[in-house]
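Student: With the sequence up front, the predicted model follows.
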Amino acid sequence: MKKILVIYHSQSGNTEAMAKAIAEGGKGAGATVTLKKAADAGVDDLLGCDAVVIGTPNYFSYMAGMIKDFFDRVWGTVRGQMENKPFVVFGSYGGGGLPAIESVEHICEGLGMKKINDSIGVQRTPTAENLKACKELGKKLAKL
Ligand SMILES: Cc1cc2nc3c(=O)[nH]c(=O)nc-3n(C[C@H](O)[C@H](O)[C@H](O)COP(=O)(O)O)c2cc1C
């Protein structure tokens with residue numbers, strides 16, 4: 001059974017709604033899904049999963065501080081142990097496009113992880129269609 005880790009940060013709930021839809025899709029397709037706020041996640045979560053999905057809102061054209069904090073905490077330990085681990089990034093933005101998502105992708109790629117799907121970025125509150133795409137992503141990860 002695939003183990004999927006969904007970690008995210010969200011203040012007003014937009015990225016969180018996406019995270020929950022991804023988790024729901026993964027669970028529905030038979031995966032074991034761990035859904036955690038980045039503040040509560042650590043090295044063991046990252047090393048113990050088969051695929052990682054990371055959700056960040058766009059704050060000041062960068063990843064949320066709590067996502068940066070997560071990478072700051074785990075980087076030194078997980079470095080060298082993440083090669084080819086599948087990842088996907090998602091998140092919500094106000095109007096400024098995808099720099100936050102790209103900043104997370106940059107770190108994951110620096111760890112040697114493998115991007116296995118286009119990122120999902122939505123403007124502010126995800127629509128039903130956006131949430132459906134998130135659910136589909138969860139399903140896809142469960143079948144990797
Ligand atoms: C502190 C802060 C900084 C933000 N900076 C940006 C920004 O630079 N560009 C942008 O497009 N949206 C910006 N936003 C808007 C958020 O990206 C947007 O409201 C998003 O939907 C929030 O997601 P969340 O509900 O998961 O927190 C900012 C919001 C906050 C609270």
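Tutor: Sure, I can see it. This is a predicted model, so every value here is computed, not measured.
Student: check contacts around Glu109.
Tutor: Each residue near Glu109 by CB atoms under 8 Å, 6 or more residues apart in numbering is listed here: Lys115. C-beta coordinates here come from the backbone N, C-alpha and C atoms, glycine included.
Student: hang on, it in a strand?
Tutor: No - using DSSP: H, G, I helix; E, B strand; the rest coil, the secondary structure at Glu109 is helix, not a strand.
Student: gap between it and the ligand?
Tutor: Between Glu109 and the ligand the computed distance is 22 Å (CB to the nearest ligand atom, to the nearest Å).
Student: And Met63, by the same measure?
Tutor: Taking CB to the nearest ligand atom, one finds Met63 at 11 Å from the ligand.
Student: Would you confirm that that residue contacts Ala100?
Tutor: Yes - taking CB atoms under 8 Å as the definition, Met63 is a contact partner of Ala100 at 4.9 Å.
Student: Need the overlap of contacts for the two.
Tutor: Thr56.
Student: between the two, who's got more neighbours?
Tutor: With neighbours defined as other CB atoms under 10 Å, Met63 and Ala100 compare such that Met63 has more, 30 against 27.
Student: how about the residues of the protein near the ligand?
Tutor: 10-16, 57-61, 92-96, 124 (CB under 6 Å from any ligand atom).
Student: List only buried entries from those.
Tutor: Among those, the ones that count as buried by 16 or more other CB atoms under 10 Å are Ser10, Asn14, Thr15, Glu16, Pro57, Asn58, Tyr59, Ser92, Tyr93.
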